[in-house]
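Colleague: When you get a sec, could you give me coordinates for this:
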Amino acid sequence: YSQTHTFEGTGDSTETFTTASDRTWVFRMSSPAKEIFLVTIKDKNGDAIDVLADASDVYAGTESVTLKAGTYYLDIAADAPWTITMSTE
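Modeller: Numbers count the residues shown, from 1 in each chain. Prediction:
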């Protein structure tokens, strides 16, 4: 079965999510302003796993990451509104 989570905000944020089994997640991210947009996925210990987005302009992109079961964090640094939708393949 597939899962979907959507996060929206303006400015810096930390979003937490849990995956119950080993899955590949597709992250669809966007920020409509010409501002900083940096998204890093971190494990439960706060260690960086991958940088999903690193932009200083209007951004719309997709990244796929395979994660083991557990709790993760999206560390978002942004100066403008943003949206992240993540779903399993």
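Colleague: which residues in the chain form strands?
Modeller: All strands of the chain, identified by DSSP state E, fall at 4-10, 13-19, 23-31, 37-43, 48-55, 59-67, 70-78, 81-88.
Colleague: With adjacent residues omitted, what lies nearest to Arg23?
Modeller: The shortest distance from Arg23 to any non-neighbouring residue, by Cβ to Cβ, 6 or more residues apart in numbering, is to Thr88 (4.7 Å). C-beta coordinates here come from the backbone N, C-alpha and C atoms, glycine included.
Colleague: Quick check: bridge partners of that neighbour?
Modeller: Trp25 (DSSP bridges).
Colleague: swap in Ser31?
Modeller: Bridge pairing for Ser31 - DSSP bridges - gives Tyr59.
Colleague: about what we covered before: and the strands of the chain, which is most packed in?
Modeller: Highest mean neighbour count among the strands of the chain (mean count of other Cβ atoms under 10 Å): strand 37-43, with a mean of 20.
Colleague: Run through the neighbouring helices and strands of that strand.
Modeller: In terms of contacts (3 or more Cβ pairs under 8 Å, 6 or more residues apart in numbering; DSSP states H and E), strand 37-43 is packed against strand 23-31, strand 48-55, strand 70-78.
Colleague: Excluding covalently adjacent residues, which one is nearest to Val51?
Modeller: Thr40 (5.3 Å).
Colleague: Against Ser21, how distant is the one you found?
Modeller: Between Thr40 and Ser21 the computed distance is 23 Å (Cβ to Cβ, to the nearest Å).
Colleague: ok, now Gly70?
Modeller: Relative to Ser21, and taking Cβ to Cβ, Gly70 is found at 10 Å.
Colleague: Check the burial of the nearest residue to Ser21 once chain neighbours are set aside by counting its neighbours.
Modeller: Once flanking residues are discounted, Ser21 sits nearest to Ala69: 5.2 Å by Cβ to Cβ, 6+ apart. A count of nearby residues for Ala69, using other Cβ atoms under 10 Å, gives 10.
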